[in-house]
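Visitor: coords please:
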Amino acid sequence: MKSTTKIQLSLMMFLEFFIWGGWFVTMGTYLTQTLGTDGAETALAYSSQSWGAIIAPFIIGLIADRFFNAERILGVLHLIGAGLMYQLYNAPDFDAFLPYVMGYMIAYMPTLALVNSVSFNQMTDPAKQFSFIRVFGTIGWIVAGLAISYVFLWDSADQIAEGALKNTFLMTGVASAFLGLFSFTLPKTPPKVSKDEKIKIGDIIGLDALKLLKDRNFLVFFLASILICIPLAFYYQHANQFLTEINVEGATGKMTIGQASEVFFMLLLPFFFKRFGFKNTILVGMLAWAVRYLLFAYGDSGELAFMLIVGIALHGICYDFFFVSGQIYTDSKAGERYKSAAQGLITLATYGVGMLVGFWVAGKITDHYLVSENVHDWRSIWTAPAIFAAGVMVLFALVFKSEKIEYKS
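Guide: The predicted model follows:
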């Protein structure tokens, strides 16, 4: 791969995740403290991610893979996203905000697959080359968080009170417009499927992989993946709101520690996977979710602030040891025939169904423990997903039978 192509793909990946990390992390804080939403309304806004994940395969399967170059669709979707971000920036209340965020995530979620397609199409050895490109996405997410907290100070108490977090939508809108235009300069990635070739809806959403559920172990893993997304939703939806509400300075910047740990534990995963096996690896990931939420429940912004930092830093174990090892497990169980369908089915089940339920549950519980305006009983709120994650871990430990899975790095 040419060095110029590497630079292009790296910049593409940086911007892709700079955009997502630049508004999604702080949206809960913005909605509750600027637009005055309750937990249920905040959950409805975050559910846009799940609806986007559910609809994305149809955009990719029915349009991107059949009629247009991937880089062109990527450009069009990000230009649409830029316009929607500008509307979010100007939205005066939640009723005006909601349809735009729903529309935005329907446009954005397919781009996650498109940037991968554009990248893989230029690679001679994806197993070795993709990780170098993909890490720039994590860097982009981190840079967005650091900029919000330490450059613009938009998540400081006085700036939040003035509604400064609305600027995150303007910032990411500009980045989205740039990426949209830049995408048309990316290497050509033609359609994978002939427009005349018949395609089944079942192929798009991975229904062929349902045959794998006849395997008892895979069925247990599949159900556990959906269930663990319920406590996962609490973090995405309420972590930034929680940290800012208890007066943690530079909350968004501190949350980037989670992305840094994700890179570190991704490097550690092959060793752990080979040494302790799939079952133990995924159990550690589940345990990390429970421990993280207990640290949030009993930590504070004073002397116990280190507990919050440790909880954030556990993100690498939480995500890599469960979701990445789960992708490896799915790949090994599916084989060549159902490989793509199985990954699509797991994505639909987790980011679609699991997190959709999780956002709703998180909103209901947060509303239940509202003490006064913008003051919550966070200890009780975080205890709920901690207990749930621990329960899923125990059930998985008892029901899933150990089996040897090869890790292909």
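Visitor: and the protein, what are its domains?
Guide: 1-190, 203-409 (automatic domain parsing).
Visitor: where in the stretch 51-200 of the chain is pLDDT low?
Guide: 61-65, 127, 192-200 (pLDDT under 70).
Visitor: can you give me the helices in it?
Guide: With helices called from DSSP state H, counting those that start in this stretch, the stretch 51-200 of the chain shows them at 70-90, 94-120, 126-146, 157-161, 167-183.
Visitor: as JSON lines, those helices with mean neighbour count would be great.
Guide: Yep, even glycine has a C-beta here, placed from its N, CA and C like the rest. Below are those laid out as JSON lines (neighbours: other Cβ atoms under 10 Å):
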{"stretch": "helix 70-90", "mean neighbour count": "21"}
{"stretch": "helix 94-120", "mean neighbour count": "21"}
{"stretch": "helix 126-146", "mean neighbour count": "19"}
{"stretch": "helix 157-161", "mean neighbour count": "13"}
{"stretch": "helix 167-183", "mean neighbour count": "21"}
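Visitor: for those, could you give me a markdown table that also reports distance to residue 290?
Guide: Formatted as a markdown table, those follow (distance: least, Cβ to Cβ, whole Å):
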| stretch | distance to residue 290 |
| --- | --- |
| helix 70-90 | 34 |
| helix 94-120 | 28 |
| helix 126-146 | 25 |
| helix 157-161 | 30 |
| helix 167-183 | 31 |
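Visitor: between the ones you listed, which one is nearest to residue 357?
Guide: With Cβ to Cβ as the criterion, residue 357 lies closest to helix 94-120 of these, at 16.9 Å.
Visitor: re the thing from before, nearest to residue 356, of the helices of the stretch 51-200 of the chain?
Guide: Nearest of the helices of the stretch 51-200 of the chain (Cβ to Cβ): helix 94-120, 11.9 Å.
Visitor: tell me the angle of the closest one relative to helix 70-90?
Guide: Counting by axes from the mean of the first three to the mean of the last three Cα atoms, to 10 degrees, helix 94-120 lies at 160 degrees to helix 70-90.
Visitor: so what's the closest residue to residue 146 other than its chain neighbours scoring on pLDDT?
Guide: Of all residues not flanking residue 146 in the chain, residue 253 sits nearest, at 4.9 Å (Cβ to Cβ, 6 or more residues apart in numbering). pLDDT for residue 253: 97.
Visitor: tell me the SS of residue 253?
Guide: helix (DSSP: H, G, I helix; E, B strand; the rest coil).
Visitor: just to check, residue 56 is in contact with residue 109?
Guide: Yes: assessed by Cβ atoms under 8 Å, residue 56 is found in contact with residue 109 at 4.2 Å.
Visitor: grab the nearest non-local neighbour of residue 402.
Guide: Residue 402 sits nearest to residue 279 (Cβ to Cβ, 6+ apart), 4.8 Å away.
Visitor: ah, wrong one, I meant residue 277
Guide: Nearest one to residue 277, counting by Cβ to Cβ, 6+ apart, is residue 402 at 6.4 Å.
Visitor: check contacts around the one you found.
Guide: Residues near residue 402 by Cβ atoms under 8 Å, 6 or more residues apart in numbering: 277, 278, 279.
Visitor: just want the phi and psi numbers for it.
Guide: Dihedral pair for residue 402: phi -60, psi 140, per degrees, to the nearest 10.
Visitor: now it: how far from residue 99?
Guide: Per Cβ to Cβ, to the nearest Å, residue 402 is found 48 Å from residue 99.
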